[in-house]
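Asker: sequence first, then the predicted structure, then my questions.
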Amino acid sequence: MTTSETEKSTMSLAELEQRATARRDRPAYGQDALISCDRLVRIFTADGIEVQALQGLDLLVTKGELMALVGASGSGKSTLMNILAGLDEPTAGQAKVADCDLLSMNAKERLRYRREIVGFVWQQTARNLLPYLTAAQNVALPMQLRGVRGRAKKAARAQELLDLLGVGELRDRRPAQLSGGQQQRVAIAVALANDPSVLLADEPTGELDSTTGRQIFESFRAANEELGTTIVIVTHDQTVATEVRRTVAIRDGRTSTEVLRRTRVDETTGEEHLIAREYAMLDRAGRLQLPAEYTETLGMRDRVALELEPDHIGIWPDDSTD
Ligand SMILES: Nc1ncnc2c1ncn2[C@@H]1O[C@H](COP(=O)(O)OP(=O)(O)OP(=O)(O)O)[C@@H](O)[C@H]1O
């Protein structure tokens, strides 16, 4: 008899019932999150070759967060963003945004989701705006498509958003008469027009120099702080990645590590210090991805030795052949 069988046989019925109830009462995964990805899988098949772009990705984002997603080229960031934007469907797993189930939406629900629940800003400035409309008309367009009535109401909302993003005085210019940075700020206003729950941005500063990139990031921060919009930014930009409170790294189609930042006030000097700490992600099956630089430094491969300590778990290189 195995240990667990012995355990079961010595456990009373009442104890078993108690365990089952405790499991049922445990809050469901991602219950309080605005964005919840649960073991998300996306497989592409091209010319008979299968590419597993997402390999069981877990991610939770809380309402009101401003966070960044980073990762090497091909790690699956854009695939994830396209799914969250409602433009692509996962092969398996679960994905929910603001109570919308991204796997079971029909065409009509998907359209409503893309118009009202999410807003997106793409890297290519030209993809975000219609060239023949002015900045203000570009911002008013999503409201019109949603069926918002009243020209004055839409114009006022457009002006309010353009002002918030520091481009109010450029309302009558067409995209070609705006710099790349100004275009991206107008694009953020367009994405915010219908007051979405989530704003998704895929490399929004990718085509801009670092000073302009910083200004764009400040615009996202303004939207997050003033409007309370939850914002997820995919970025290679160190400024963006280090200024948000939470940066999640994606590796081989899974979330691997996460950096959390918080400010600590020095009790004696009153100075504020930003403290950053990196965490590894433990998935729901208990799997852990160790950072490559750690495993390489210690020559860890294939097999490692584990030891449970009172307050931590020790991991050692394989010592079985010593
Ligand atoms: N439509 C598609 N058909 C086939 N393979 C695809 C498709 N889209 C993405 N892939 C593959 O899926 C993997 C993840 O791609 P994805 O674009 O999500 O990566 P990424 O992290 O956004 O990369 P980058 O930073 O270069 O944009 C890659 O191997 C890519 O080649």
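Answerer: Good, I have the coordinates.
Asker: what's in contact with stretch 303-316?
Answerer: 290, 300, 317-320 (CB atoms under 8 Å, 6 or more residues apart in numbering). (Each C-beta comes from the backbone N, C-alpha and C, glycine too.)
Asker: from start to finish, how long is that stretch in a straight line?
Answerer: Taking CA to CA, to the nearest Å, stretch 303-316 runs 9 Å from one end to the other.
Asker: any idea how far stretch 210-222 is from the chain center?
Answerer: Centre-to-centre, stretch 210-222 and its host chain are 18 Å apart (CA atoms, centre = their mean, to the nearest Å).
Asker: any idea what the residue lying closest to Glu272 once chain neighbours are set aside is bridged to?
Answerer: What sits nearest to Glu272 in space, not counting adjacent residues and going by CB to CB, 6 or more residues apart in numbering, is Thr263, at 5.0 Å. Assessed by DSSP bridges, Thr263 has beta-bridge partners Leu274.
Asker: ok, now which ones touch Thr263?
Answerer: Contacts of Thr263 by CB under 8 Å, 6+ apart are 272-275.
Asker: which residues of the protein fall in helices?
Answerer: Secondary structure of the chain by DSSP state H: the helices cover 3-10, 13-25, 77-84, 107-112, 125-128, 135-146, 151-164, 180-192, 210-227, 238-243, 292-297.
Asker: make TSV from these and add distance to the ligand and mean pLDDT to it.
Answerer: Shown next, in TSV, are the helices of the chain (distance: least, CB to the nearest ligand atom, whole Å; pLDDT from 0 to 100):
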stretch	distance to the ligand	mean pLDDT
helix 3-10	40	52
helix 13-25	35	75
helix 77-84	3	94
helix 107-112	18	90
helix 125-128	14	78
helix 135-146	25	93
helix 151-164	28	92
helix 180-192	18	93
helix 210-227	16	89
helix 238-243	13	76
helix 292-297	16	89
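Asker: ok, back up a step: PyMOL command to pick out the buried ones of the contacts of stretch 303-316?
Answerer: Here is the PyMOL command that selects the buried residues among those (16 or more other CB atoms under 10 Å):
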select buried, resi 300
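Asker: and of the contacts of stretch 303-316, the nearest to the ligand?
Answerer: Leu290 (20.4 Å; CB to the nearest ligand atom).
Asker: relative to Val97, which of the contacts of Thr263 is nearest.
Answerer: The closest of the contacts of Thr263 to Val97 turns out to be Leu274 (CB to CB; 29.5 Å).
Asker: just the buried residues of stretch 52-71, please?
Answerer: 53-61, 65-71.
Asker: and the ligand, which of the residues you listed reach it?
Answerer: Residues of these in contact with the ligand (CB under 6 Å from any ligand atom): 53, 71.
Asker: now, which of the buried residues of stretch 52-71 lie within strands?
Answerer: Judged by DSSP state E, the subset of those located in strands is 53-61, 66-70.
Asker: pLDDT for these - can I get that in JSON lines?
Answerer: Shown next, in JSON lines, are these (pLDDT from 0 to 100):
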{"residue": "Ala53", "pLDDT": "95"}
{"residue": "Leu54", "pLDDT": "95"}
{"residue": "Gln55", "pLDDT": "93"}
{"residue": "Gly56", "pLDDT": "91"}
{"residue": "Leu57", "pLDDT": "93"}
{"residue": "Asp58", "pLDDT": "92"}
{"residue": "Leu59", "pLDDT": "93"}
{"residue": "Leu60", "pLDDT": "93"}
{"residue": "Val61", "pLDDT": "95"}
{"residue": "Leu66", "pLDDT": "94"}
{"residue": "Met67", "pLDDT": "94"}
{"residue": "Ala68", "pLDDT": "94"}
{"residue": "Leu69", "pLDDT": "94"}
{"residue": "Val70", "pLDDT": "92"}
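Asker: quick one: which of those residues is nearest the ligand?
Answerer: Distance to the ligand across those (CB to the nearest ligand atom) is lowest for Ala53, with 3.3 Å.
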